[in-house]
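**Student:** need the 3D shape of this:
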Amino acid sequence: MTIARLAWKNITGSIFRSGAIFLAAILVAGLAVCTTLIVRGTEDQLHKNLERLGADMIVLPWGTVTEHVKGAQLVSIKTERWMPTAYLEKLAAVPGVKAVSPQLYITTIEQAPFCPESDVLLVAFDPATDITVKPWLEQPLEGELGLGEFVGGSCAEQPVNDQTVDVRGYELRSKGTLISTGTDLDRTLFVTFETAEDLVRYTRETSWDPIPVAQNSVTSIMLKVDIKEDPREVIHLIHEQVVGVVPILTSDFMQTERSHMALLLNSILIVMAGTWVLSVLFVGLVFSIAVHERRREVAMLRSLGSPWQKIFWMLIFEGFIISTIGGVLGVLAGLGLMVFFQQEIINYLGVPFLLPGLTSMLGLGLAGFILASLSVFLGALIPAYRITHEEIASMMRE
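**Tutor:** Okay, the predicted model is just below:
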């Protein structure tokens, strides 16, 4: 009988022992894949946001910062506070300010059919001065953004061509889509201020629930600082020269996100390392119990002339078969969990991340499988070595 057949016979002969090792392999492989995808995806997302973020600071109406602003902001916050458009000129006149671009939160589209995960924000922006939205376009727009047209986050990929988005009876058509960012940008539709004014006028004339937006107002102003200037000094000048606004560095936002991500990722890595160590110890314990029960069997094989190396590799091969099956299932489970429940995981962890390409995911799956096999091998190594090096007579007496 070959080693493979003998190993398989021993596996099927003890379902409980094999099942325990099998579950440990699934856990290690699945957790390794999920953890690595989250860590790498979060780092990639953060680097992409830092590269694409065109505004050095966001300027908000007084009274909104402590209540609403959390983490990185690439889009106007959801607020009912406004600033007069005259603030654009005031901010542009501040020494060190290179560019300003307004945004206006209009309304929230609840239970949008094309974005079932969350509500969708409708925000007006100025394409001519924009420094935060256009960098995220999948493809450059063909022509200007017209009346009744929008560019939407990745959540709004479905309403294209002849399909429209209904906002209290006002029809909006898709003009382009933004790259997925893992932030509020993904669930935002951007229209021009001309479209916003037409929409507000339409709802006031025809809807029982008109959109309450003040005329000639904005809810946030994205601001770019000259590269030679110190942004913190510019903030100080804004506080002195422009009353009624709160300027906040986007780098502070990113630092907040970075600190939060680092803490979470370190926790995930610690959990992963602890789980791996415990899995190895668990497999070692199960194997120790298993080989102790098979002392007479091992002694009989050795007394019949089987070399200890053959028995040793038979025991290791049993673990390899179990880890192979469990590792494959664990990898598939981990990949499936991350692909189909990405948004739920983002919402639960509070950290945006992007999934890598197919090649990278296959590579991570292979790494998870190898880690599961390594865990079982390390767990089985010492018990298998000890049982094959005991004296035959002492094993036969027990």
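
**Student:** now do the lengthiest strand in the chain: distance to the chain's middle.
**Tutor:** The longest strand of the chain (DSSP state E) is strand 97-109. Remark: strand 97-109 is offset 26 Å from the chain centroid, using C-alpha atoms, centre = their mean, to the nearest Å.

**Student:** quick one: average confidence on the helix or strand that contains residue 316?
**Tutor:** Here residue 316, judged by DSSP states H and E, is contained in helix 308-340. Mean per-residue pLDDT for helix 308-340: 79.

**Student:** only the buried residues of that helix, if you could.
**Tutor:** Neighbour counts using 16 or more other C-beta atoms under 10 Å place 308, 311-323, 325-335, 337-338 of helix 308-340 among the buried residues. To be clear about C-beta, it is placed using only N, CA and C from the backbone, and glycine gets the same treatment.

**Student:** can you name the next helix or strand after that helix?
**Tutor:** Under the assignment DSSP H and E, the closest C-terminal helix or strand after helix 308-340 is helix 342-349.

**Student:** circling back: just how off-centre is the helix holding residue 316 within its chain?
**Tutor:** 27 Å.

**Student:** list the helices and strands it packs on?
**Tutor:** Here helix 308-340 touches helix 3-13, helix 15-52, helix 250-293, helix 295-303, helix 358-388, going by 3 or more C-beta pairs under 8 Å, 6 or more residues apart in numbering; DSSP states H and E.

**Student:** okay, buried residues for the shortest one please.
**Tutor:** Spelled out, that is helix 295-303. 295, 298-299, 301-302.

**Student:** how about the contacts made by the residue lying closest to residue 373 once chain neighbours are set aside?
**Tutor:** Nearest residue to residue 373, sequence neighbours excluded (C-beta to C-beta, 6 or more residues apart in numbering): residue 323, at 4.5 Å. Applying C-beta atoms under 8 Å, 6 or more residues apart in numbering to residue 323 gives the contacts 21, 25, 372-373, 375-377.

**Student:** could you check how far residue 323 is from residue 24?
**Tutor:** Look at residue 323 and residue 24: by C-beta to C-beta, to the nearest Å, they are 9 Å apart.

**Student:** try residue 164
**Tutor:** 53 Å.

**Student:** more crowded one of those two?
**Tutor:** Taking other C-beta atoms under 10 Å, residue 164 and residue 24 do not tie; residue 24 has more neighbours (26 against 15).

**Student:** my guess is the more buried one contacts residue 327, does it?
**Tutor:** No. The pair residue 24 / residue 327 is not scored as a contact, 10.3 Å apart, by C-beta atoms under 8 Å.

**Student:** rewinding a little: shared neighbours of residue 323 and residue 24, anything?
**Tutor:** Jointly contacting residue 323 and residue 24 under the rule C-beta under 8 Å, 6+ apart are 375-376.

**Student:** any weak-confidence spans in the stretch 51-200 of the chain?
**Tutor:** 51-54, 65-79, 116-117, 156-163 (pLDDT under 70).

**Student:** how about the strands in it?
**Tutor:** 57-61, 83-84, 97-109, 120-125, 149-152, 164-167, 170-177, 188-192 (DSSP state E, counting those that start in this stretch).

**Student:** distance between the ends of stretch 63-83?
**Tutor:** This stretch, stretch 63-83, spans 11 Å end to end (C-alpha to C-alpha, to the nearest Å).

**Student:** identify the residues contacting residue 186.
**Tutor:** 153-155, 178, 180.

**Student:** out of those residues, flag the one nearest to residue 215.
**Tutor:** The nearest member of the contacts of residue 186 to residue 215, counting by C-beta to C-beta, is residue 153 at 26.9 Å.

**Student:** now the closest one: how far from residue 136?
**Tutor:** Taking C-beta to C-beta as the measure, residue 153 falls 8 Å from residue 136.

**Student:** how many neighbours does residue 341 have?
**Tutor:** Residue 341 has 12 neighbours, counted by other C-beta under 10 Å.

**Student:** same question, residue 63
**Tutor:** Residue 63 is flanked by 12 other residues according to other C-beta under 10 Å.

**Student:** was I right about it contacting residue 82?
**Tutor:** No. Using C-beta under 8 Å, residue 63 is not in contact with residue 82, being 11.2 Å away.

**Student:** any idea how far residue 320 is from residue 297?
**Tutor:** As defined by C-beta to C-beta, residue 297 lies at a distance of 19 Å from residue 320.

**Student:** ditto for residue 361
**Tutor:** Counting by C-beta to C-beta - residue 361 and residue 320 are separated by 24 Å.

**Student:** same deal with residue 210?
**Tutor:** Using C-beta to C-beta, residue 210 is found at 69 Å from residue 320.

**Student:** and residue 221, helix, strand or coil?
**Tutor:** Three-state assignment for residue 221 (DSSP: H, G, I helix; E, B strand; the rest coil): strand.

**Student:** contacts only, for it.
**Tutor:** Contacts of residue 221 (C-beta under 8 Å, 6+ apart): 58-59, 83, 87-88, 91, 100-103, 245.

**Student:** so it bridges to which residues?
**Tutor:** residue 59, residue 102 (DSSP bridges).

**Student:** let me know the distance separating it from residue 237.
**Tutor:** Going from residue 221 to residue 237 by C-beta to C-beta gives 15 Å.

**Student:** repeat that for residue 371.
**Tutor:** Taking C-beta to C-beta, one finds residue 371 at 54 Å from residue 237.

**Student:** same question for residue 60.
**Tutor:** According to C-beta to C-beta, residue 60 and residue 237 sit 17 Å apart.

**Student:** of those two, which one has the most company?
**Tutor:** residue 60 (24 against 15).

**Student:** my read: that one touches residue 245, true?
**Tutor:** Yes. Counting by C-beta under 8 Å, residue 245 is a contact partner of residue 60 at 6.8 Å.

**Student:** got a pLDDT number for residue 236?
**Tutor:** Value for residue 236, per-residue pLDDT: 92.

**Student:** distance to residue 347 added to the strands of the stretch 51-200 of the chain, as TSV?
**Tutor:** Shown next, in TSV, are the strands of the stretch 51-200 of the chain (distance: least, C-beta to C-beta, whole Å):
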stretch	distance to residue 347
strand 57-61	23
strand 83-84	31
strand 97-109	17
strand 120-125	15
strand 149-152	20
strand 164-167	23
strand 170-177	22
strand 188-192	16
